[in-house]
Structures are given as C-alpha cells and as structure tokens.
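Asker: Compute the structure for the input listed below.
(chains A and B)
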Amino acid sequence: MRGKRWWALLAALTLLLAACGGGSSEETSAPETTAAPSGTEEDTSTETTAAPAEGEDEGAEAEGGEGPHFIYITPNPIGENEFLQMGETGTQAAAERLGGTAETFESTDPSSSRANIEAAVEAAPDIIVLTTFQLTDMAVEFASANPDQKFILIDDCPPEGQPENLYCVGFREHEGAYLLGIMAGNLTETNKIGSVVALDIPFFHRWSDSFYLGAQSVNPDLEPDTQVFIGGDNPFADPARAKEQALSLAAQGLDQIFSVGAASDMGVFEAAQEQGFMTYGTDVNNCPVAPEYIVDNNLKLVDNAVQTAIDLVMSGEATPFTSVGLAEGGVGVMALDDERLADSQCLVAQHPDIVEQVREAAEGIISGEIEVPDPLAAAG
Amino acid sequence: MLAQLVDMSLWESVVRALIPVLLAAIGGLICERAGVFQISLEGMMLAGAFAAVAAAHVTGSALAAAAAAAVAGVLLSLVLAFGAVSRGGNAIVLGVAINILAVGLTSFLLPQLFGVRGSFQPEGGVRILRIAIPGLSDLPFIGPVLFNLSILGYAALLLVPATWLFLFRTQLGLRLRGVGERPLAAETLGVSSTVYRYAAVVASGVLAGLAGAQLALGNVGVFTEGISSGRGWIAVVAVMLGRAHPFGVLAACLLFGFTEAFGFRLQGQGYPVQITDALPFVVTLVALVIARKRFRRLLDLTASTV
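Answerer: Numbering: from 1, shown residues only, chains lettered A, B, ... in the order given. Got it, this is the predicted structure:
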C-alpha cells in the first residue's frame, strides 16, 4: 500500500514536470516567438510572456506602461499556424502604431486558455484579443464578470447574451470560398467536387457550401456536392484520418477537393499528390506544400481584421459585431492580388482566364451584384 | 450504390488504418498475457511518432527514425515496467501518467527542438520505405491491399501469426502465459515473473513506438500534436475485444479499421458524420454484448492479475 502511494506521488510529480515545462523555456534559445503561460502552474505568466517585437526581454509590465496595452490570447499553440501568427502580427502592429505594448498568451487546451484569460484580466490591459470559436464561451463568461474590461473576439460571436464589452469580429469566409468554387467549377473534368471538413457545424459550411455554390455558378453540369467530416478525437490535427477521407473521395471520382481542416489539411494535400486531384486550402497560402496540386486558398487576413477591430474599439466606434469580407480586405484568395499570386506557387496562376473570371466575381460580390448567402446566418 | 461503398480503395484504406493500431495492440496483448494491464499504448505511440519525425529530420534516415521511435517507446515503457512490476504499483495509474507525460513532453519538445508548435514536417520528406512485392502486388484485389505496404505494415501483419506461434507453441510463450495466469505457480517452477513481465512491457514499448513511426512517417509525413488521436486507446480496446489472442486482436483491429474506412464512404454518400463517427463505438458495444461471457472471464482474469 505504501509503495503504491509513493508511485502515485511520483506519477503526479511527472505530470507537474510536464506541465511546468513551458515555464523554464526562457533560457534556451527561443527566437523572437513569444512563449506563454502554460496555464497549469502559478509562476509562469510573468516569466514567459515576451515583449512585442522591439521591446526589451523582460515581460512588459501591465500597469504603469505608456500607451495602450493589448493582450492576445490563442486557444492553441501558435506554431506554424499562420492564422494565429497573423493575429499576433495584427495585435503587435496596432500596438506599435498606437505607441503601446502587446503581449501574447498561447494556450494548449481549454484549461490553459482559462488560466491565460484569468491572467490577462488580472493584468487589466486596454483590450484583450481572443481568437476563434474555441474561446467564445469563455469570452462571454469573462466579459460578463469583468464589465470594465474590453474584449475582442476574432472569428466567432456568441449566438445570444453578448455582453456590451465584448466586440466580435467575423470574416465573411463564404465570399472567398465562393471564389475558390469558381476555380473548381472551371477546372473539374469529372464534374464531381467536394470538401473534407473538420466538423459538421454551420460555421464550417461557410466554406464547403459556398465552395459548391461558386462552382455551380460557372458549371451547370456539376454532380451533387459531397462533403465528409473528419470528426473523431482530434478533428483539427489528425492528418492520417483526413488523408483517408480525401482518398475515399478521390476513389469516387472527385477531382476538386476543398480541405477545411487546419493541421489535418496536410493529409489531404498528401492524398492529392498521390492521387493527382486538385485541392484548395484555407486561411493562409498553403500552395508551397504541394505546388502542382493546390489551386488556391481561402485567405483570412487576420492581421487586417485585428487592426481594424482594435482601431474601432479604441476610438469608441465599435459595434457589437464587425464583419470583414472582400470589401474590407479581411478575406481574399491569392488570385486577387498580382503580387501575392506571382510567387504563391498556386496552380491558379497557370490559368489567367480563370484568374480574370475570379476577379470579376470578386468585384461583383463587393458591389453587391453577386450575393453569397451565409450558411451560418441560415442556421441561426 | 454498394459498389460505390465497397470499392478497392476501401480495403487499402482499411489496411492503412489497421496497421498502427495493430502494432500497438500486439504489444498490448503480450503485456496482457504476461499479466500487466497496458493502457499506455496511446502515450508510447505519440512519443514514437515524435521521435521518428525528430530523428528523420536530423538524420534523414527512415531506419534511424524507426529506431528512435522504438527507443522512445521503450523509455516510456520502462516507467511502467519499473513501477508496476518492480514496485507493484497500479498499472492503470502509471499508464494514465505515461499518456499525459507523452502529450506534455512532445508538445514541450516540439518548440524547444524545432521552434514550431502545432505541427512539424521533417526536412527531406523521409518516409518509412514502402515496398511493392514484385509479382504479388500485381495480383487482383489482394495485390494492392496486402502487398504494397510499408516495411512496418508487413511486420505488423507477420507479427500476428508470429505472436501466436510464440505464445502457444514455444516454451518461452508458455512461461509468459504462466506468469500472467498463475504468477506464483510460475515462480515455484523457477520462472521469474519479473523478467518476463519486463520483457513484455519493453516489447510493447518497441511496438507502440513503431506504431507511432508508421502513423507519422508511413500513413502521412508529418507530426501534429496529439497525432495518435486515440488510436492507442482503440488498441487497448482491441486487446480486450480480441481476448488477448493474436487472431482475435487482428479481427478486432480489422473491425475498427473497417468501420472507420466504411464510415468515411457512408459520409461520402451523404450519411451524417454523427452516425459514422459513432459507428466504431456502436460496433464495439454490439461485439461486447455478443462476446459477453468470454469478456467477463477476461475481466476476472485482468482484475486478479493487475
């Protein structure tokens, strides 16, 4: 019995070690990326937050600093996640422009997200910037409990009960997905297109449904839409599962497959290389991963969006919900910008006629001539 | 419609989904037979996947990657071996600890070693060597399904009969089972239960580590945090469902691989993900009910030996 207790204690210690890991990272050569409070242990928050790009190494003190102070919190590790990277860039750019400071707290899971938000509220910055639907519930909870603290929530909004001090920023992703669909409708030879999507929730149908809609607008012979969902234990980071699903679609004869699965996308891109179908990415430029197979990407220009939102909140002009789309430069595709397209390695660059068609459609969407319905609004 | 559901690539998909789970499950069943309840397969698989990708990045060699994966699995398995076998600790508590340790360690080491978080692709695109066996791989149907696998894929499939031979046709296997079923009797006959159990746990470390290598460098070519995604737990269930018999475990793994791959195709035909996602678990429940009596016997066995 005593032996068992010792082992339980040792096991607990092992866990502690694993959890503390993030805290001691400062001495080793972390480049200019920001580390974050791991969330599980007490002393990490001051030690591991790094100052914005040009600040000094010591963590920026919350109080007594000059200019505005922003804290940016992610629900997941930033890593190679350019989406979260852009949020950081946008927050820092806004801080620099306004002569203030920005900090980044990275989380690894819901419990560390909670600890990070608690630490941020404690520091009482001018604005706390939260990202993605994974933090929506906590955004509502903490904004309600701290009515004097302003929050910006990027990329989602609570369906009801939004506190006054919580400002949402949404992307009209369906506008970008529609443009990708136009490419797919032109490029498909089998007239079968579809999507591999992380989860079957209305939010993700903005990509998959609009993709099909865009394709339909240029190709009347299209067969019915096929969408599969990754699901499982780890929908956003299970490339093996996503790959199998993409292969199953390829086996049905689909030759244009939209991948909407964050880190799982790697699996779809691999499947494309093996089976030779064309694929489409999300959020950032994925084309260099599989240059001959990725046609284009549904970009979310988070840096623009964050800066827009911070400016609006700081000037007191923010509305509870700000939506950014093609018109605001909040979403886009590589094909819209000559400079971006030139070294994007995207397949669409080889089809100037399609690029032209996509740009016309984008203008149509901006002017209101083309209306892309929002699946999220339809669901709500 | 059935033709669309059960196409050739379905079976290829089943085998690909099967292999990492099967490798880990064989390790689990050896432990089960030796009387150690092994639930740290998930953690060892994750550590193996990480070590494989790290070694592939540094050395550019698939062999080094597989070796590193096996070593990572063994290191973690030694925690269980020392704790549960030498010190008589609770294997479930230790197993849970190892699983959480693996998640923490891999997501800690990823930014420390490679300066990235979330996912990491090794330089040079190293993959576990895939060999199409000349002649056999051209056979209709079974050719592409069974004779165009990675080395670890062949190893996993060959290990099933090999493990059966070992357990039921060799003296060592007999002793191992003896240690699991009647440790005192085995000790009385001069068979050291400690040695056999250590060997079993270390073997499971090697196999689960290799399962991780297969997942990260065979099925795909990338490490993502938590890439094991519950496959180690499926392996634990497969050991129980297959009553720790090599062919039973193979059948259980096949069942899981099939329900997963079939689920994807059902989705492709418009069935909702909620149903296809639940499919493996529904099938497990049904299988458990069918195998109820035998399963209860196994549970009694497990309870008396943990």
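Asker: rest of the way, CA atoms for contacts and neighbours
Answerer: Fine.
Asker: which non-adjacent residue is nearest residue 192?
Answerer: With no chain named, the answer covers chain A. With Cα to Cα, 6 or more residues apart in numbering or on different chains as the criterion, residue A:192 has its nearest non-adjacent residue at 4.7 Å, and that residue is residue A:254.
Asker: that's the wrong chain, I meant chain B
Answerer: residue B:186 (7.3 Å).
Asker: hang on, the one you found in a helix?
Answerer: Yes. Secondary structure assignment places residue B:186 in a helix (DSSP: H, G, I helix; E, B strand; the rest coil).
Asker: What confidence value was assigned to it?
Answerer: Residue-level confidence at residue B:186 comes out at 93, pLDDT.
Asker: and what of the one 5 residues further on?
Answerer: Per-residue confidence for residue B:191 comes out at a pLDDT of 92.
Asker: Equivalent analysis for residue A:144, please.
Answerer: Looking at residue A:144, the pLDDT reads 95.
Asker: Quick check: it vs residue B:69, distance?
Answerer: Relative to residue B:69, residue A:144 is positioned 48 Å away (criterion: Cα to Cα, to the nearest Å).
Asker: more crowded one of these two?
Answerer: Looking at residue A:144 and residue B:69 with other Cα atoms under 10 Å in any protein chain shown, you find the greater number of neighbours at residue B:69, namely 34 against 17.
Asker: From what I see, the residue nearest to residue A:192 and residue A:189 are in contact.
Answerer: No. Using Cα atoms under 8 Å, residue A:254 makes no contact with residue A:189, being 9.0 Å away.
Asker: The two: which has the busier surroundings?
Answerer: Residue environment comparison for residue A:254 versus residue A:189 gives the larger neighbour count to residue A:254, 24 against 14, counting by other Cα under 10 Å.
Asker: nearest spatial neighbour of residue B:194, skipping sequence neighbours?
Answerer: Beyond its immediate neighbours in the sequence, the residue positioned closest to residue B:194 (Cα to Cα, 6+ apart) is residue B:85, lying 6.2 Å away.
Asker: Kindly report the same for residue B:178.
Answerer: With Cα to Cα, 6+ apart, the residue lying closest to residue B:178 is residue B:186, at 5.8 Å.
Asker: residue contacts, that neighbour?
Answerer: Shown here is residue B:186, whose contacts under the criterion Cα atoms under 8 Å, 6 or more residues apart in numbering or on different chains are B:175, B:178-179, B:192-193.
Asker: Same check on residue B:207?
Answerer: For residue B:207, the contacting residues are B:23-24, B:26-27, B:70, B:73, by Cα under 8 Å, 6+ apart.
Asker: same question, residue B:223
Answerer: With contacts taken as Cα under 8 Å, 6+ apart, residue B:223 has the following neighbours: B:49-50, B:53, B:119-121, B:216.
Asker: Just the closest of these to chain A, please.
Answerer: Distance ranking of these against chain A, using Cα to the nearest Cα, places residue B:119 first at 6.7 Å.
Asker: Next up, the contacts around that closest one.
Answerer: Neighbouring residues of residue B:119 by Cα under 8 Å, 6+ apart: A:79-80, A:263, B:222-225.
Asker: re earlier: chain A versus the residue nearest to residue B:178, what's the distance?
Answerer: According to Cα to the nearest Cα, to the nearest Å, residue B:186 stands 24 Å off from chain A.
Asker: Distance check, that residue against residue B:34.
Answerer: According to Cα to Cα, residue B:186 and residue B:34 sit 11 Å apart.
Asker: which residues sit in contact with residue A:182?
Answerer: For residue A:182, the contact set (Cα under 8 Å, 6+ apart) comprises A:211, A:214-218, A:358.
Asker: Give me the distance from stretch B:98-118 to the chain's centre.
Answerer: Taking Cα atoms, centre = their mean, to the nearest Å, the mean C-alpha location of stretch B:98-118 is offset from the chain mean by 21 Å.
Asker: Spell out whether it and chain A are in contact.
Answerer: Yes. Counting by Cα under 8 Å from any Cα of the partner chain, chain A has neighbours in stretch B:98-118: B:100-101, B:104-105, B:108, B:111-112, B:115-118.
Asker: Would you write a ChimeraX line that selects the buried entries of the residues you listed?
Answerer: Selection command for ChimeraX covering only the buried members of the residues of stretch B:98-118 next to chain A, criterion 16 or more other Cα atoms under 10 Å in any protein chain shown:
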select /B:100,101,104,105,108,111,112,116,117,118
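Asker: Need the max-distance pair from the residues of stretch B:98-118 next to chain A.
Answerer: The distance between the two most remote of those (Cα to Cα) is 21.9 Å, for B:100 and B:115.
Asker: name the element the closest residue to residue B:159 other than its chain neighbours belongs to?
Answerer: Excluding its sequence neighbours, the residue lying closest to residue B:159 (Cα to Cα, 6+ apart) is residue B:26, at 7.8 Å. Taking DSSP states H and E as the definition, residue B:26 sits inside helix B:8-34.
Asker: What residues sit buried inside the following helix or strand past that helix?
Answerer: Following helix B:8-34 in sequence order, the next helix or strand is helix B:41-59 (DSSP H and E). With burial defined by 16+ other Cα under 10 Å, the residues of helix B:41-59 counted as buried are B:41-57.
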